[in-house]
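Enquirer: Just the structure for this:
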Amino acid sequence: MQKDLLYKRHRFPPEVISHCVWLYYRFSLSYRDIELIMAERGLTLSYESIRNWCLKFGFVYARKLKGSKQWGDNWHLDEVYCRIGGEMMYLWRAVDQDGQTIDLLVQRKRNQLAAARFLQKLRRHNETPRIIVTDKLKSYVKPCKSLFAVSAHKRDKGANNRAENSHQPTRLREAKMRCFKSIKQAQRFLSNFATIYDYFRYDQHKTTASTHRILRARSFECWQAVILSPSAT
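Expert: Numbering: from 1, shown residues only. You can find the predicted model right below:
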């Protein structure tokens, strides 16, 4: 296939680069794990090359995929602590009713200012949800009223299980990576990870086998379109 300018001066073809990036963000694998997988397939490359590909192309692929996404009108917001560089931080996440990650933000605080900053980031999507579901944290009350006045705000910890369950893949990756090293690194990785991981995640127990295969084929078709022209707008 014809190379995109983004792949210029890369020794390996886009198929190899994109496959390594896909393995890293879709599965709980380290760079050395992927190096071993590619070596079994007859490709000799270093884990440093894979790391550089994930840093460079992961963001580009995720941005392209995110631009084509459409979310539901029920947003579930939640925050979870994570230790970054030995310091306690909070990961704020918003998902829709299907569990698709809308956006996330790593912050040091868990107060009203932090909640307002996260909601302001959500407003950049130029969408207004019908319902915003949060837990009992009072920090959400005023920012929701001021930034999403037309949206109904439901405060119910039990109804917010969708957002709480969405943290599980992050916990697995956090353990695999032996914690995040900095806020910048955590924000960069989690933004790419959430987009690419969600794009290939299906509630298989809720669909038939034939439907699952159709959804999977569509995801791979879109993925191929992204890697063919990742820098195209």
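Enquirer: tell me the centre residue of this protein?
Expert: When CA atoms, centre = their mean is applied to the chain, the residue found nearest the centroid is A194 (1.2 Å).
Enquirer: name the element that residue belongs to?
Expert: helix 183-199 (DSSP states H and E).
Enquirer: can you pull the buried residues of that helix?
Expert: 183, 186-199 (16 or more other CB atoms under 10 Å). Backbone N, C-alpha and C define where each C-beta goes, glycine included.
Enquirer: before we move on, what about stretch 105-119?
Expert: 105-107, 110, 114-116, 118-119.
Enquirer: still on that earlier bit, just give me the closest of the buried residues of helix 183-199 to V21.
Expert: I196 (7.8 Å; CB to CB).
Enquirer: shouldn't the closest one be in contact with Y25?
Expert: Yes. With contact defined as CB atoms under 8 Å, I196 and Y25 form a contacting pair (4.0 Å).
Enquirer: Okay, now the unreliable bits of this structure?
Expert: Confidence mapping of the chain against pLDDT under 70 gives the ranges 1-3, 126, 204-205, 231-233.
Enquirer: and the angle for the longest strand along it with helix 183-199?
Expert: In the chain, ranked by residue count with DSSP state E as the criterion, the top strand is strand 74-84. Strand 74-84 runs at 140 degrees relative to helix 183-199, counting by axes from the mean of the first three to the mean of the last three CA atoms, to 10 degrees.
Enquirer: how about the helices of the chain, start to end?
Expert: Shown for the chain, the helices assigned by DSSP state H span residues 14-26, 31-40, 47-67, 112-123, 141-147, 161-165, 168-176, 183-199, 209-228.
Enquirer: and the protein, what are its domains?
Expert: Listed domain ranges for the chain are 5-68+223-228, 74-184 (source: automatic domain parsing).
Enquirer: and the buried residues of stretch 105-119 as TSV, adding distance to V60?
Expert: Shown next, in TSV, are these (distance: CB to CB, whole Å):
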residue	distance to V60
L105	21
V106	21
Q107	25
R110	32
A114	29
A115	30
A116	30
F118	24
L119	27
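Enquirer: Out of those residues, the closest to M38 would be?
Expert: V106 (30.6 Å).
Enquirer: what sits against that closest one?
Expert: Applying CB atoms under 8 Å, 6 or more residues apart in numbering to V106 gives the contacts 82, 84, 89-92, 183, 186-187, 190.
Enquirer: ok, what's across the strand from it?
Expert: Beta-bridge pairing for V106 (DSSP bridges): L91.
Enquirer: now it: how far from C179?
Expert: 13 Å (CB to CB, to the nearest Å).
Enquirer: shared neighbours, the two?
Expert: 82, 84.
Enquirer: ok, the buried residues of helix 183-199 vs Q97, which is closest?
Expert: For those, the minimum distance to Q97 (CB to CB) is 13.5 Å, reached by D198.
Enquirer: quick one, what contacts that closest one?
Expert: Contacts for D198 (CB under 8 Å, 6+ apart) come out as 99-101.
Enquirer: quick check, nearest of these to R9?
Expert: The closest of these, once distances to R9 are taken by CB to CB, is T101, at 32.9 Å.
Enquirer: how near is that closest one to R108?
Expert: Taking CB to CB, one finds T101 at 21 Å from R108.
Enquirer: Isn't T170 up against L190?
Expert: Yes. T170 lies in contact with L190 (CB under 8 Å); the separation is 6.5 Å.
Enquirer: joint contacts of these two?
Expert: L91.
Enquirer: Skip the chain neighbours and tell me the closest residue to D98.
Expert: Spatial nearest neighbour of D98, excluding adjacent residues (CB to CB, 6 or more residues apart in numbering): G72 at 5.9 Å.
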